[in-house]
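In: Quick one, what's the 3D model for this:
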Amino acid sequence: EEAPGTRAFTHGHSRSSGRGGAEPRPWVPLAAVPVEPRPNRKVLRKSLRRGVALSTGSFVLCEALRLISGSAEVHASFKVAEVIEQADYLYGSGETEKLYQLLVQHKNSEDAELLWRLARASRDLAQLSITSAEEKRQLAYDSLEYAKRALEKNEANSAAHKWYAICLSDVGDYEGIKVKIGNAFVIKEHFERAIELNPKDATSVHLMGVWCYSFAELPWYQRKIAAMLFATPPTSTYEEALRYFHMAEEADPNFYSKNLLFLGKTYLKLNNKKMALLWLSKAKEYPAHTEEDKQVQKEALELLNSI
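Out: Prediction:
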């Protein structure tokens with residue numbers, strides 16, 4: 001299905017943002033989200049023909065109406081397929097604003113595939129530097145609503161679960177610490193469900209690893225705050241994070257520079273310098289296609305020099 005394209009639960013979220021700030025911010029593991037490749041979809045381009053022979057008699061009339069209704073349903077699904085194909089092309093081309101304008105016209109759609117794409121497009125628009133703070137906030141809540149509706153339409157949709165988790169993390173930035181911690185439990189559940197439905201989606205697996213890493217490195221004072229607010233606050237280990245980062249790499253090797261960086265950082269946390277050197281070197285040598293890739297190269301080099 002799709003690959004990278006998200007943010008980690010940590011700081012200001014932009015597609016090119018890294019780990020800003022002097023200390024880790026709690027309870028939000030999505031600092032960055034890999035850009036997902038455009039799916040290879042084949043949409044039929046043959047025009048639909050509606051031929052209904054109307055003749056006399058109520059039975060024939062009713063049958064004709066039934067056929068017309070059925071044809072309308074086919075036409076509707078055909079239109080959805082065309083919109084999705086166009087949306088995936090725009091996403092792959094990085095046309096964030098055009099993509100949003102295309103999809104927001106279908107915000108009342110009943111189709112989960114359209115809705116989760118609209119959630120992603122709304123979130124991506126919020127990441128742009130030209131988007132005002134007020135618009136960012138509105139888009140964050142809009143994207144969560146679209147993702148929620150996508151789940152309501154199809155609970156078995158892996159991408160809907162993934163984007164619901166990502167968008168819920170974003171909204172947590174506006175809701176305060178207690179809500180943020182509470183959301184962390186829900187975020188984890190939806191990433192786990194996304195992985196269960198599509199184990200080959202490296203993005204969901206990577207973000208689950210970031211969730212684990214974030215809570216494994218939580219400073220003691222933040223743990224204390226969490227324990228005051230919740231009887232059983234979210235916890236994890238570096239070993240668990242490492243398992244997910246390796247799973248992501250197995251699902252889609254070399255798919256995301258930040259997954260390589262996190263592998264190196266996690267091995268460092270586990271005092272395995274040999275493996276840390278291996279993965280940090282891979283991260284440093286990863287071709288820099290985006291600003292985020294450049295930040296990864298910089299951080300990897302700094303860590304290598306510190307070993």
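
In: elements contacting the helix or strand encompassing Gly264?
Out: Gly264 is part of helix 257-269 when elements are defined by DSSP states H and E. For helix 257-269, the packing partners by 3 or more Cβ pairs under 8 Å, 6 or more residues apart in numbering; DSSP states H and E come out as helix 202-216, helix 238-251, helix 273-285, helix 291-306. The C-beta positions use only the backbone N, C-alpha and C, and glycine is treated the same way.

In: So which of those helices is nearest Phe230?
Out: Shortest distance between Phe230 and those, using Cβ to Cβ, is found for helix 202-216: 12.3 Å.

In: how far is that closest one from where the chain is centred?
Out: 12 Å (Cα atoms, centre = their mean, to the nearest Å).

In: Would you tell me what the next helix or strand after that helix is?
Out: Assigned by DSSP H and E, the successor of helix 202-216 is helix 220-229.

In: Mind listing what's buried along that next one?
Out: Gln222, Ile225, Ala226 (16 or more other Cβ atoms under 10 Å).

In: May I see the buried residues of the helix or strand harbouring Leu102?
Out: In this assignment (DSSP H and E), Leu102 forms part of helix 96-104. Residues of helix 96-104 classed as buried: Thr96, Leu99, Tyr100, Leu102, Leu103 (neighbour count, 16+ other Cβ under 10 Å).

In: cool, and stretch 237-244?
Out: Tyr238, Glu240, Ala241, Leu242, Arg243, Tyr244.

In: With just CA atoms, put it into CSV.
Out: In CSV, the C-alpha atoms belonging to stretch 237-244 read as follows (Å, rounded to 0.1, in the frame of the first residue of the first chain):
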residue,chain,number,x,y,z
THR,A,237,11.9,-0.2,26.4
TYR,A,238,14.7,0.4,23.9
GLU,A,239,14.6,-3.3,23.1
GLU,A,240,11.0,-3.0,22.0
ALA,A,241,11.7,0.1,19.9
LEU,A,242,14.6,-1.7,18.3
ARG,A,243,12.4,-4.6,17.3
TYR,A,244,10.0,-2.3,15.5
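
In: Could you provide the helices and strands packed on helix 257-269 in a markdown table, with additional columns for distance to Leu114 and mean pLDDT?
Out: A markdown table is the format used below for the helices and strands packed on helix 257-269 (distance: least, Cβ to Cβ, whole Å; pLDDT from 0 to 100):
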| stretch | distance to Leu114 | mean pLDDT |
| --- | --- | --- |
| helix 202-216 | 19 | 96 |
| helix 238-251 | 25 | 98 |
| helix 273-285 | 35 | 98 |
| helix 291-306 | 27 | 95 |
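
In: Let me know which of those helices is tucked in deepest.
Out: For those, the largest average neighbour count (mean count of other Cβ atoms under 10 Å) is found in helix 202-216, namely a mean of 27.

In: Poorly predicted segments of the stretch 1-150 of the chain, please.
Out: Residues of the stretch 1-150 of the chain meeting the criterion pLDDT under 70: 1-32, 34-78.

In: how about a cut-off of 90?
Out: The stretch 1-150 of the chain contains residues with pLDDT under 90 at 1-79, 93-94, 129.

In: Quick one: closest of the helices and strands packed on helix 257-269 to Ala150.
Out: helix 202-216 (14.8 Å).

In: which residues does the nearest residue in space to Pro199 that is not next to it in sequence contact?
Out: In space, not counting the residues next to it along the chain, Pro199 is nearest to Ala251; the distance is 7.0 Å by Cβ to Cβ, 6 or more residues apart in numbering. By Cβ atoms under 8 Å, 6 or more residues apart in numbering, the contact set of Ala251 is Pro199, Lys200, Asp201, Ala202, Val205.

In: one more time with 6 Å, if that's ok
Out: Residues in contact with Ala251, defined by Cβ atoms under 6 Å, 6 or more residues apart in numbering, are Lys200, Ala202, Val205.

In: The residue nearest to the first one when sequence neighbours are not counted and Cys212: what is the separation?
Out: Just to be clear, that refers to Lys200. Leaving aside its sequence neighbours, Lys200 sits nearest to Ala251 (Cβ to Cβ, 6+ apart; 5.0 Å). Going from Ala251 to Cys212 by Cβ to Cβ, to the nearest Å gives 16 Å.
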